[in-house]
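**Student:** the sequence isn't on hand, but the structure is:
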């Protein structure tokens with residue numbers, strides 16, 4: 001009889017742990033399913049980059065593509081990226097940088113999945129054509145951040161476009177979803193439309209065409225009022241390296257209020273690998 005009563009408190013503790021573990025595994029499965037669906041968007045009959053594809057584009061757009069894609073390179077619009085670095089979990093005055101490791105599938109304009117591990121925090125950011133999410137866990141068993149919804153999806157689309165300019169230039173070649181503005185100075189401007197969303201991205205180039213900065217007006221609630229609104233977001237690119245015919249930044253620092261006194265580079269990434277994944 002005494003043993004039976006002892007089982008009740010044990011069960012009361014064990015049951016929530018089992019439920020949370022099952023919930024975490026559900027998140028893993030959802031991430032992996034989204035990952036596979038984005039890879040499946042890679043064209044199985046991939047064309048190769050030819051300079052004639054740039055005919056009619058503004059000079060700055062041509063400069064960007066001439067630098068980032070070598071002629072004859074297969075046009076990969078889905079890129080798989082592995083990175084290490086630092087993630088600022090605090091504020092500009094107290095950034096509280098923590099080491100991080102992440103693995104990402106980037107498929108502009110359709111979406112992305114970014115799987116993160118930073119200390120005791122793990123989880124993912126993601127976006128698909130019809131939904132998006134942020135879900136992070138403490139010690140893999142305690143949910144600490146969960147977000148989704150229409151505003152979140154619009155914000156996630158901004159990130160997809162900004163990162164396209166960094167790591168997936170082939171996805172920005174002119175087509176059904178992309179056109180380029182005529183601009184002056186050293187800033188190229190692409191406009192990406194997909195579904196209900198339109199996002200402009202500006203790319204600062206040097207004389208060779210190397211992208212130095214990427215910036216957007218992002219739909220975000222990262223402000224003191226916690227109200228969704230358009231505000232500056234972007235980052236600086238450096239340490240360009242060759243990845244299967246693409247010349248891409250191996251170091252990126254970015255964050256909210258880019259280009260203003262309130263800028264806080266909460267994201268500092270060092271790329272360890274970029275590949276062009278193929279559908280199974």
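**Tutor:** Sure, I can see it. Note that this is a predicted model, so its numbers are computed, not measured. Numbers count the residues shown, from 1 in each chain.

**Student:** show me where the stretch 1-150 of the chain has strands.
**Tutor:** Counting by DSSP state E, counting those that start in this stretch, the stretch 1-150 of the chain has strands at residues 79-88, 97-107, 111-118, 121-128, 131-138, 142-147.

**Student:** if we compare the ones you listed, which one ends up closest to residue 258?
**Tutor:** Closest to residue 258 of the strands of the stretch 1-150 of the chain is strand 79-88 (CB to CB; 13.8 Å). Bear in mind the C-beta positions are built from the backbone N, C-alpha and C, glycine included.

**Student:** name the helices or strands packed onto the closest one?
**Tutor:** Counting contacts by 3 or more CB pairs under 8 Å, 6 or more residues apart in numbering; DSSP states H and E, strand 79-88 is packed against strand 97-107, strand 264-275.

**Student:** so that strand versus strand 264-275, what angle?
**Tutor:** Angle of strand 79-88 versus strand 264-275, following axes from the mean of the first three to the mean of the last three CA atoms, to 10 degrees, is 150 degrees.

**Student:** can you give me the distance of the closest residue to residue 58 other than its chain neighbours to residue 61?
**Tutor:** Using CB to CB, 6 or more residues apart in numbering and skipping residues adjacent in sequence, the residue nearest residue 58 is residue 182, 4.7 Å away. From residue 182 over to residue 61 the distance is 9 Å, taken as CB to CB, to the nearest Å.

**Student:** compare these two (neighbour count), which wins?
**Tutor:** Higher neighbour count among residue 182 and residue 61: residue 61, with 26 against 11, using other CB atoms under 10 Å.

**Student:** tell me the pLDDT at that one?
**Tutor:** With respect to pLDDT, residue 61 scores 98.

**Student:** that one contacts residue 188, correct?
**Tutor:** Yes. The pair residue 61 and residue 188 passes the contact test of CB atoms under 8 Å, sitting 5.2 Å apart.

**Student:** joint contacts of these two?
**Tutor:** residue 180 (CB atoms under 8 Å, 6 or more residues apart in numbering).

**Student:** thinking again about what came up before, and the strands of the stretch 1-150 of the chain as a markdown table, adding mean neighbour count, distance to residue 214 and mean pLDDT?
**Tutor:** Compiled in a markdown table, the strands of the stretch 1-150 of the chain are given as follows (neighbours: other CB atoms under 10 Å; distance: least, CB to CB, whole Å; pLDDT from 0 to 100):
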| stretch | mean neighbour count | distance to residue 214 | mean pLDDT |
| --- | --- | --- | --- |
| strand 79-88 | 20 | 15 | 97 |
| strand 97-107 | 19 | 13 | 98 |
| strand 111-118 | 21 | 15 | 97 |
| strand 121-128 | 22 | 18 | 96 |
| strand 131-138 | 19 | 20 | 95 |
| strand 142-147 | 13 | 23 | 90 |
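
**Student:** among these, which comes closest to residue 249?
**Tutor:** It is, among the strands of the stretch 1-150 of the chain and with distance given as CB to CB, strand 79-88, at 10.8 Å.

**Student:** which outside residues touch that closest one?
**Tutor:** 39, 95-107, 116, 118, 167-168, 255, 264-277.

**Student:** try it again with 6 Å
**Tutor:** Strand 79-88 is contacted from outside by 95, 97-98, 100-106, 118, 167-168, 266, 268-275, 277, using CB atoms under 6 Å, 6 or more residues apart in numbering.

**Student:** can you lay out the strands of the stretch 1-150 of the chain as TSV showing distance to residue 199?
**Tutor:** Formatted as TSV, the strands of the stretch 1-150 of the chain follow (distance: least, CB to CB, whole Å):
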stretch	distance to residue 199
strand 79-88	18
strand 97-107	15
strand 111-118	13
strand 121-128	12
strand 131-138	14
strand 142-147	19
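
**Student:** out of those strands, which is closest to residue 246?
**Tutor:** The minimum distance between residue 246 and those falls on strand 79-88, with 8.2 Å, by CB to CB.

**Student:** gap between residue 279 and residue 189?
**Tutor:** 32 Å.

**Student:** neighbour count winner among the two?
**Tutor:** A direct count of neighbours by other CB under 10 Å for residue 279 and residue 189 places residue 189 higher, at 16 against 11.

**Student:** specify the beta-bridge partners of that one.
**Tutor:** residue 181, residue 202 (DSSP bridges).
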